[in-house]
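1. no FASTA, just this:
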């Protein structure tokens, strides 16, 4: 009986400590995560020039078009844009069009990063991966205050 009471007390103490830590977090900091998974066969069926002109910047089109597997690059860029959009919209309700989100790389097939073509109050970390028929992107956003 004493063991059960001690465990209960320790759990309550842990709960109180966690609550104290959460309450101590600055209210003005905002973090969000976004991700997107693209199934390449489905993406290929819906990819066309109208979609390309509506979604991608000229720099993104130039980047993707230089590869033999351009569709994979378009899908990767789309997943990154979608993940970025999902993360930002969690903490900012202002207008954000697809072309306002630009995915750039330091070099061909290099580290991707995000440029926002609007007032940028965010620090954005982006990772893109692909394997077989799938492309996945994940974004972590922190609002800079």
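-> Structure's in. What do you need? All values derive from a computational prediction rather than experimental measurement.
2. which of the residues in the helix or strand harbouring residue 52 are buried?
-> Taking DSSP states H and E as the criterion, residue 52 maps to helix 49-55. By 16 or more other CB atoms under 10 Å, the buried positions in helix 49-55 come out as residue 55. All C-beta atoms are positioned from the backbone trio N, CA, C, and that covers glycine.
3. State the next helix or strand along the chain beyond the lowest-mean-pLDDT helix or strand in the chain.
-> Least confident helix or strand, the chain: helix 2-24 with a mean of 62, by mean pLDDT, DSSP states H and E. Heading C-terminal from helix 2-24, the first helix or strand you meet, by DSSP H and E, is strand 31-39.
4. Buried ones in the next helix or strand after that following strand, by neighbour count?
-> Next along the chain after strand 31-39, taking DSSP H and E as the criterion, comes helix 40-46. Within helix 40-46, the residues scored as buried using 16+ other CB under 10 Å are 40, 43.
5. Not counting helix 40-46 itself, show me its contacts.
-> Outside helix 40-46, the residues that touch it by CB atoms under 8 Å, 6 or more residues apart in numbering are 71-72, 74-75, 78, 133-135.
6. How about stretch 123-131?
-> Residues contacting stretch 123-131 (CB under 8 Å, 6+ apart): 72, 75-76, 79-80, 83-84, 87, 103, 112-114, 116, 135-142, 144.
7. again, 7 Å this time
-> Contact with stretch 123-131 is made by 72, 76, 79-80, 84, 112-114, 136-142, 144, as judged by CB atoms under 7 Å, 6 or more residues apart in numbering.
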